[in-house]
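Peer 1: next input, structure requested:
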Amino acid sequence: MQADYPTADKISKEIRTSSRITSWRDHPFDIFVTTISNTDDPNFESRLNDWVEHDKNEALPLIVRAQYFYDKGWFKRGAKFASKTRADHMLEFEQYMQKALADCETAIKLNASNPYIYHLRTKIVRIFPSKFKTAFDEAISKYPSYFPIYEWAIGTLTPKWGGSVSSMNAFVDKFAGHAPEGSPLKLLYLSLYRSLLGAVSTACLSYPAGDSRAACNASNMDKVVTSELKRHVESALQLYDHVDQYEFSLAVEDIVSQMLGDKTAAVYTGPLLQSIASNMHSDTQLDDTKSTGNKNYIVDKLVALSWSQQGFYDNALTKYKQALNNLANTKFPSEEDKDLALSSIYEAIAQTYERKRQYADMIVYKDAATALGGRNEHDHWTCFAYYQLKQYDDAERTCSDALKYNPRNISARYWRGATYREMGRTDDALKDLIAVADSEGSFRTSAAIDISMIYFKRDDNRSALEILNKYQYLYDPDLNYRYQIAVAYNNRCYAYMQLGQLQNALHDCTESVKFGSIPDAFRKLEQLNGLLKVEKTHL
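Peer 2: Residues are numbered from 1 along each chain as shown. The predicted structure follows:
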């Protein structure tokens, strides 16, 4: 962002006035705000502060800054449970949320004619339970039919946020059950269905994977997904013929794709997908050549995702290609909307090819998605594919390109670090890998172990040991797979051995073999026992 505040104000106002507010979303203002805040430019926050100061009586700069604080906070926190997140990261998260909330409150006082700011405030106050009800009540009094506000509230009432199944049911019955026939709020029953699936899935995580967890899920699902809820969902899907079909389809896709994203929940979506297809005048069959009429491409996408989650990737590709055909017969509000829809299908095909490990095909479709404007958090897929193909120059280029668009893409940073390592650029690799290891991202364990290996290859055992001691999460069974813990202990065992700290080495090699069967750990354990026996003999 340059310090051209009149231009920034002009652009943001143009997007605000041109944005189409429906019951389901505020578009493209929602895309604009989330995209512009997606940066780690060290000067961005100070420029936002200057913009807010320059336009003291304008709400838009405050909305942009609030979104920036919100996104920055969640980046610091990560997606794990609070109990599994570093205390300093949680503190930063809470500080950013406080700043975001303050900006929302000020923006509302300046200009209350923006549903997005009410939605954002409702999202922020999820972590401030005492403020949630007031914020929610004010939001729906201003925008009584704006679906995203209600949907976010359901998520806030889930058990993992301190709510309960009964509170979720009561909430939806209050607002959807008493809504007039044809109200978009009826779709809250579908959101409730998704949230209940998620609650059951989370509750059963304490059971070991396999039959016992499956039994837990099945038992709880029978209790929470009642026949009455199924009837309400069926009735809600019948709204398709009475509302904006394009916007309704997008809302359904957003809710159901989240269900399908959870493999545990996906098991229970078969009948639901059939109901969606029937009500949206489409079908779930693989061979649709005998069908007639224009079918809904979003139904094809959801069915394809279901196949993919079950590991039937060729079936998924068949349905995605049907989605491409049916998209061509769909009327869109604008060419931009059509391009983004096409991009989303290309991206889904790219992900399917990734799961098939057909990386060259994956690159083709991911590049096609990006060319149509589909830049998102999955931009690292291309650099990952090039890395797998050992085309490291292309991997470095595409990882860097992904990071230019989104500096918070921790996956892109990890794969660029891994690429630099393979290219022999270990100083560059360390910069990226340390950033990943310090984050709450899913690759942080791999990054920390990679860092130790770089130091080992430099014969810098002391630095390797410092890294392996710094990141204590490496040894936490609640945060890592057993084989990762085995590797971490094995690496630290080696470092201790090289530095002559044999008792510490013995402890770590003993721990390593408890978590995994690494042959090298057994070899070192035998060697250590021999060395310590000799050492004891000489005492």
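Peer 1: walking through the stretch 1-150 of the chain, point out its helices one by one.
Peer 2: Remark: helices assigned in the stretch 1-150 of the chain by DSSP state H, counting those that start in this stretch are 5-18, 29-36, 44-54, 60-77, 87-110, 115-124, 129-142, 147-156.
Peer 1: can I get the last one as PDB, trimmed to CA atoms?
Peer 2: Output in PDB follows, covering the C-alpha atoms of helix 147-156 (Å, rounded to 0.1, in the frame of the first residue of the first chain):
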ATOM      1  CA  PHE A 147     -27.600 -15.100   6.700                       C
ATOM      2  CA  PRO A 148     -23.800 -15.000   7.500                       C
ATOM      3  CA  ILE A 149     -24.300 -13.400  10.900                       C
ATOM      4  CA  TYR A 150     -26.700 -16.100  12.000                       C
ATOM      5  CA  GLU A 151     -24.500 -18.900  10.600                       C
ATOM      6  CA  TRP A 152     -21.500 -17.600  12.500                       C
ATOM      7  CA  ALA A 153     -23.500 -17.500  15.700                       C
ATOM      8  CA  ILE A 154     -24.300 -21.300  15.300                       C
ATOM      9  CA  GLY A 155     -20.600 -22.000  15.200                       C
ATOM     10  CA  THR A 156     -20.100 -20.000  18.300                       C
END
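Peer 1: picking that back up, among the helices of the stretch 1-150 of the chain, which comes closest to residue 323?
Peer 2: Residue 323 lies closest, by CB to CB, to one member of those: helix 29-36, at 21.6 Å. Where C-beta positions appear, they are placed from N, C-alpha and C, glycine not excepted.
Peer 1: where does pLDDT dip in the chain?
Peer 2: Applying pLDDT under 70 to the chain flags the ranges 1-4, 38-40, 264-266, 288-294, 535-539.
Peer 1: can you list the domain ranges for it.
Peer 2: Following automatic domain parsing, one finds the domains of the chain at 1-144, 377-442, 443-539.
Peer 1: out of these, which comes closest to residue 260?
Peer 2: Comparing the domains of the chain by their distance to residue 260 (CB to CB), the top pick is domain 377-442, with 16.1 Å.
Peer 1: one step back: return the most buried member of the domains of the chain.
Peer 2: Stretch with highest mean neighbour count among those: domain 377-442 (a mean of 21; mean count of other CB atoms under 10 Å).
Peer 1: could you tell me the end-to-end distance of that one?
Peer 2: Across domain 377-442, the terminal residues are separated by 14 Å (CA to CA, to the nearest Å).
Peer 1: count of residues packed around residue 261?
Peer 2: By the criterion of other CB atoms under 10 Å, residue 261 has 12 neighbours.
Peer 1: from residue 380, how far off is it?
Peer 2: Noted for residue 261: a distance of 18 Å to residue 380, by CB to CB, to the nearest Å.
Peer 1: which residues touch stretch 382-396?
Peer 2: With CB atoms under 8 Å, 6 or more residues apart in numbering as the test, stretch 382-396 has contacts from 354, 357, 359-360, 362-363, 366-367, 370, 397-399, 402, 411-412, 415-416, 418-420, 422-423.
Peer 1: quick one, helices of the stretch 251-400 of the chain?
Peer 2: 263-266, 270-279, 297-309, 313-327, 335-355, 359-371, 380-388, 392-405.
Peer 1: for the helix or strand residue 488 falls within, name the packing helices and strands.
Peer 2: Assigned by DSSP states H and E, residue 488 falls within helix 482-498. Packing contacts for helix 482-498, counted by 3 or more CB pairs under 8 Å, 6 or more residues apart in numbering; DSSP states H and E, involve helix 444-457, helix 461-470, helix 502-515, helix 519-537.
Peer 1: for the nearest residue to residue 213 once chain neighbours are set aside, what are its contacts?
Peer 2: Spatially, and ignoring its direct neighbours in sequence, residue 213 is nearest to residue 207 (4.1 Å; CB to CB, 6 or more residues apart in numbering). Taking CB under 8 Å, 6+ apart, we find residue 207 in contact with 213, 215-216.
Peer 1: for the spatially closest residue to residue 258 that is not a sequence neighbour, what are its contacts?
Peer 2: With CB to CB, 6+ apart as the criterion, residue 258 has its nearest non-adjacent residue at 5.8 Å, and that residue is residue 194. Residue 194 makes contacts with 255-256, 258-259, 265, as judged by CB under 8 Å, 6+ apart.
Peer 1: turn the contacts of residue 207 into TSV, columns for neighbour count and distance to residue 339.
Peer 2: As requested, the contacts of residue 207 are exported to TSV (neighbours: other CB atoms under 10 Å; distance: CB to CB, whole Å):
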residue	neighbour count	distance to residue 339
213	16	41
215	12	46
216	18	43
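Peer 1: okay, the residue nearest to residue 213 and residue 62: tell me how far apart.
Peer 2: 46 Å.
Peer 1: equivalent analysis for residue 430, please.
Peer 2: Separation of residue 430 from residue 62 (CB to CB): 39 Å.
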